[in-house]
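Engineer: Sequence plus the predicted model coming up.
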Amino acid sequence: MKKFITAVAAAALVVGASAPASAQNEGDVIAFLALVNTPYGALPAVASHGKAGFALDVRYGRYSIDAADLDVSTIGLGGNFNMAGGRMGIMLGRSTAKDVDGSVNMGGVDYHRSLWSAPVGASTSSTFNLGLHPAFGYGKDSEGDASVMSFAVDMPVGLSVGTKSGMQIVSFIAPGYGYGRMSDGADLSETGTRAALGGGIGLLNIGGGLGVNLGFRKIFLEEAPTQWGLGLSWSR
């Protein structure tokens, strides 16, 4: 049985090896590995709560690498709050996989700030939004010394439609770019960078501050999977 990060690394090498050598290198695989073992890549992208007060956030993400027969699931719990004109978020998570020893325990912080917003047409309840979303994460194998670190930035572009009941329907796409680092616990470490894409649709302020999000995150590596997931939030 393989330890968690070792198993995911082997699976990433399987999908990475399918591309021509000139197309991607070891650093690309390391970046993929680091990003999917931290909250940014392990959990789905979700719509921001805007100017709400404190919001509790629960997320579930899953991806499969068929070529390596690996299915990874991640559960995350965190919250976000208003800070310096944007939303600061904190997330703790744990990834597990069938037939793989241990897990990856992870944590991260992120920040979402609106850069530009404009009404759509004559309606004041529909807005087009452009945002900035940097995120930092760390993950560690519970059964070994391997650890990963990531830093990513994306720019969500979305459309928010308000209803008479106060509910918001938000659809968005978030192109981004990430840096990843993997360490074996000794002196050996490797780094790399990869492009990423997130997106989804959210129903916010459904009632009592409840929100539901369906989202995805794709870290671009040849034949690599897309992570899909669900987010539930409660704000006050």
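Structural biologist: Sure, I can see it. A quick note: this is a predicted structure, and the numbers were derived from the prediction, not measured.
Engineer: drop to CA atoms for contacts and neighbour counts, all remaining ones
Structural biologist: Noted.
Engineer: Tell me where this structure has strands.
Structural biologist: With DSSP state E as the criterion, the chain has strands at 55-65, 70-83, 86-97, 104-119, 126-141, 147-154, 157-162, 168-183, 189-204, 210-219, 226-235.
Engineer: Return the first one as PDB; C-alpha atoms alone will do.
Structural biologist: As requested, the backbone C-alpha atoms of strand 55-65 are provided in PDB (Å, rounded to 0.1, in the frame of the first residue of the first chain):
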ATOM      1  CA  ALA A  55     -20.000  32.800   6.500                       C
ATOM      2  CA  LEU A  56     -19.500  29.100   7.400                       C
ATOM      3  CA  ASP A  57     -18.300  27.100   4.400                       C
ATOM      4  CA  VAL A  58     -18.400  23.300   3.900                       C
ATOM      5  CA  ARG A  59     -17.100  21.700   0.700                       C
ATOM      6  CA  TYR A  60     -16.700  18.300  -0.900                       C
ATOM      7  CA  GLY A  61     -14.500  17.700  -4.000                       C
ATOM      8  CA  ARG A  62     -13.600  14.600  -6.000                       C
ATOM      9  CA  TYR A  63     -11.400  13.600  -8.900                       C
ATOM     10  CA  SER A  64     -10.400  10.300 -10.500                       C
ATOM     11  CA  ILE A  65      -7.300   9.300 -12.400                       C
END
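Engineer: Now mean pLDDT and distance to residue 7 too, for the strands of the chain, in CSV please.
Structural biologist: Shown next, in CSV, are these (pLDDT from 0 to 100; distance: least, Cα to Cα, whole Å):
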stretch, mean pLDDT, distance to residue 7
strand 55-65, 95, 11
strand 70-83, 95, 8
strand 86-97, 96, 9
strand 104-119, 94, 11
strand 126-141, 95, 11
strand 147-154, 97, 13
strand 157-162, 92, 35
strand 168-183, 96, 14
strand 189-204, 94, 17
strand 210-219, 96, 18
strand 226-235, 95, 17
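Engineer: Pipe these into JSON lines and attach distance to residue 14 per row.
Structural biologist: Formatted as JSON lines, the strands of the chain follow (distance: least, Cα to Cα, whole Å):
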{"stretch": "strand 55-65", "distance to residue 14": "9"}
{"stretch": "strand 70-83", "distance to residue 14": "11"}
{"stretch": "strand 86-97", "distance to residue 14": "17"}
{"stretch": "strand 104-119", "distance to residue 14": "20"}
{"stretch": "strand 126-141", "distance to residue 14": "20"}
{"stretch": "strand 147-154", "distance to residue 14": "19"}
{"stretch": "strand 157-162", "distance to residue 14": "33"}
{"stretch": "strand 168-183", "distance to residue 14": "18"}
{"stretch": "strand 189-204", "distance to residue 14": "17"}
{"stretch": "strand 210-219", "distance to residue 14": "15"}
{"stretch": "strand 226-235", "distance to residue 14": "16"}
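Engineer: In JSON lines: the ones you listed, plus distance to residue 32 and mean neighbour count.
Structural biologist: As requested, those are exported to JSON lines (distance: least, Cα to Cα, whole Å; neighbours: other Cα atoms under 10 Å):
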{"stretch": "strand 55-65", "distance to residue 32": "13", "mean neighbour count": "21"}
{"stretch": "strand 70-83", "distance to residue 32": "14", "mean neighbour count": "19"}
{"stretch": "strand 86-97", "distance to residue 32": "15", "mean neighbour count": "22"}
{"stretch": "strand 104-119", "distance to residue 32": "15", "mean neighbour count": "19"}
{"stretch": "strand 126-141", "distance to residue 32": "13", "mean neighbour count": "21"}
{"stretch": "strand 147-154", "distance to residue 32": "10", "mean neighbour count": "24"}
{"stretch": "strand 157-162", "distance to residue 32": "23", "mean neighbour count": "20"}
{"stretch": "strand 168-183", "distance to residue 32": "7", "mean neighbour count": "22"}
{"stretch": "strand 189-204", "distance to residue 32": "7", "mean neighbour count": "21"}
{"stretch": "strand 210-219", "distance to residue 32": "6", "mean neighbour count": "24"}
{"stretch": "strand 226-235", "distance to residue 32": "11", "mean neighbour count": "21"}
